[in-house]
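J.: this one's structure only:
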């Protein structure tokens, strides 16, 4: 099946994350995970310090083997969907404070959710953040912010368009980790994912050829301070033509020729056709392989009453060494 240039009906229900991409634990394993996370959360340093990351890396090895084996397998091969949902992690949801509502909110103090995110990021490679984004915090809040409902970003509550995280950046994250602390009131917000591995067969050979050319540009968000300079040209599909990486943000990527714009529309339709949805509940951790899978979100209605949807986010890099020139003191924060 090949798709033309028209977008499919946006109301179509997305497929669910396949069962082999969902990991659950026994009660004993969940209790073990909780003990390790609470021990790490008691460490005195702040989350963003190198010392806390070192402690998190050591604590990762104390987690149940089921957890470690599955995450390491996902790092090597993220499968057709390029997403993994880990259910039932102990986020201590009963004792959670109110959902933050300020723009740019982050988690710098040690906590059980931060411990879960940083340990898992160490299992995937290394945690990473960008100084220009949420002040370089390794654990960031994803919450609705009053007045930003229509914003195409983590502070909005309208439907979030499909994108690779920080698609404009040469060293965009390899993995995006999203841990649900609290779902939205109506429990309608869904994490959308779409894998180029599943969409590729729906594209014509001509569309694939055009997407592999450097005929596209992706603008950075204002927080990264583009300064109005030239935006580098890039291809949307790179690497092995049979299993390419994808680089696109449908809110910020543009074709530089009419043909390039036309195939972007084809790509958007193909990804929509294979999109999957996951309804995250408290304690669910979604890991998205940002190299092959886009993500977005369905719309929801915030109330700003302290009980709104609250995710925490961490990025991971499989090979931190390649970006050494952008990270002062060989730390985890990208300065540029």
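T.: Looks like it arrived, so ask away. A quick note: this is a predicted structure, and the numbers were derived from the prediction, not measured.

J.: if we look at the lowest-mean-pLDDT helix or strand in the chain, which residues are touching it?
T.: Taking mean pLDDT, DSSP states H and E as the measure, the chain has strand 15-16 as its least confident helix or strand, at a mean of 82. When contacts are taken as Cβ atoms under 8 Å, 6 or more residues apart in numbering, the neighbours of strand 15-16 outside the stretch itself are 274, 275, 276, 277, 278. Just so you know, the C-beta spots here come from the backbone N, C-alpha and C atoms, and that holds for glycine as well.

J.: please apply the same query to stretch 67-86.
T.: Applying Cβ under 8 Å, 6+ apart, the set of residues contacting stretch 67-86 from outside is 17-18, 20-25, 29, 33, 60-61, 120, 123-125, 175, 193, 195-198, 276, 278, 280, 284-289, 291-293, 295, 318.

J.: show me where the stretch 201-336 of the chain has strands.
T.: With DSSP state E, counting those that start in this stretch as the criterion, the stretch 201-336 of the chain has strands at 216-218, 233-234, 237-238, 245-246, 253-255, 276-278, 285-289, 293-297, 310-317, 333-334.

J.: neighbouring strands for the least confident helix or strand of the chain, and are they parallel or not?
T.: Strand 15-16 has these partner strands in its sheet, going by DSSP bridges: strand 276-278 (parallel).

J.: so how far is residue 104 from residue 136?
T.: Taking Cβ to Cβ, to the nearest Å as the criterion, residue 136 is separated from residue 104 by 11 Å.

J.: out of these two, which sits in the busier spot?
T.: Shown here are residue 136 and residue 104; by other Cβ atoms under 10 Å, residue 136 has more neighbours (18 against 15).

J.: next, that one: phi, psi?
T.: Dihedral angles of residue 136 (phi, psi; degrees, to the nearest 10) stand at phi 70, psi 20.

J.: residue 163 now?
T.: Residue torsions, per degrees, to the nearest 10, at residue 163 are phi -160, psi 150.

J.: what's across from it in the sheet?
T.: residue 249, residue 295.

J.: one more: residue 142?
T.: residue 311.

J.: quick one: it and residue 312 touch, right?
T.: Yes - with contacts counted by Cβ atoms under 8 Å, residue 142 reaches residue 312, the gap being 6.9 Å.

J.: list the residues that contact both of those two?
T.: Common neighbours of residue 142 and residue 312, counting by Cβ under 8 Å, 6+ apart, are residue 178.

J.: of these two, which one has the most company?
T.: Looking at residue 142 and residue 312 with other Cβ under 10 Å, you find the greater number of neighbours at residue 312, namely 24 against 20.

J.: give me the distance between the two termini of stretch 155-172.
T.: Taking Cα to Cα, to the nearest Å as the measure, stretch 155-172 stretches 20 Å from start to finish.

J.: quick check: buried residues in that stretch?
T.: Residues 155-157, 159-160, 162-169, 171-172 are the ones in stretch 155-172 that count as buried (16 or more other Cβ atoms under 10 Å).

J.: how far does that stretch sit from the chain's center?
T.: Stretch 155-172 has its C-alpha centroid displaced from the chain centroid by 8 Å (Cα atoms, centre = their mean, to the nearest Å).

J.: same question, stretch 205-218
T.: Using Cα atoms, centre = their mean, the mean C-alpha position of stretch 205-218 is found 24 Å from that of the whole chain.

J.: same check on stretch 117-136?
T.: Between the mean C-alpha position of stretch 117-136 and that of its chain there is a distance of 11 Å (Cα atoms, centre = their mean).
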